[in-house]
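Return a 3D structure for these sequence lines:
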Amino acid sequence: MTGAIPGKKISVERAEQAVRMFTDGYSCAQSLLGSFGPGEGLERDLALKVASPLGGGISRTDGPCGAATGALLVLGLVFGPTDPDDDEGHERIRTLTREFLRRYQERKGSTMCTDILGHNLSLPGVAEKVNEEELSKEPCPRAVRDAGEILLELLQGEGR
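Have a look, this model is predicted:
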């Protein structure tokens, strides 16, 4: 099973756009869905709204990395089944989700925001310190880029 979209070329520019969106102030999850979603028929503002709770480890709750969850939303947008009886479609999205998470874990060492950032944003004062000292300046854009690259690989069916 491949994740390739028949007859559709997905540009590397989307991953770079996601990094630019993050550096412009969008969350990691918003950056992924906001850059990939419009090319898949999801209006940009709606993409930004939908992904907004997921940044910072699910709203700074020590949850999964927002770059990873944003990328999973893109996979759902592209490959998610809409029929509850579509067993093949459900298995396809589960397989793609597991493969994305496996590759992301392999690259980042974890799928959790705290591990990737090196700071637990759910603790009092930590988010403010991270912002003031720009501690997310290096690991987070790299996480967005890695998530975008893995997403591109899956969307293009490479490496499977």
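
all helices for the protein, in order.
Ranges of helices within the chain are 13-23, 28-36, 44-51, 55-60, 66-79, 87-108, 113-117, 126-132, 139-156, based on DSSP state H.

mind checking how far Gly89 is from Phe79?
For Gly89, the distance to Phe79 equals 8 Å [CB to CB, to the nearest Å]. C-betas here are computed from N, CA, C, even on glycine.

ditto for Ala47
Using CB to CB, one obtains 16 Å as the distance from Ala47 to Phe79.

Counting neighbours, go ahead and name the busier of the two.
Of the pair Ala47 and Phe79, Ala47 is the one with more neighbours under other CB atoms under 10 Å, namely 24 against 17.

For the residue nearest to that one when sequence neighbours are not counted, list the residues it contacts.
In space, and not counting its chain neighbours, Ala47 is closest to Gly37: 3.6 Å by CB to CB, 6 or more residues apart in numbering. Applying CB atoms under 8 Å, 6 or more residues apart in numbering, we find Gly37 in contact with Glu43, Arg44, Leu46, Ala47, Leu73, Val74, Leu77.
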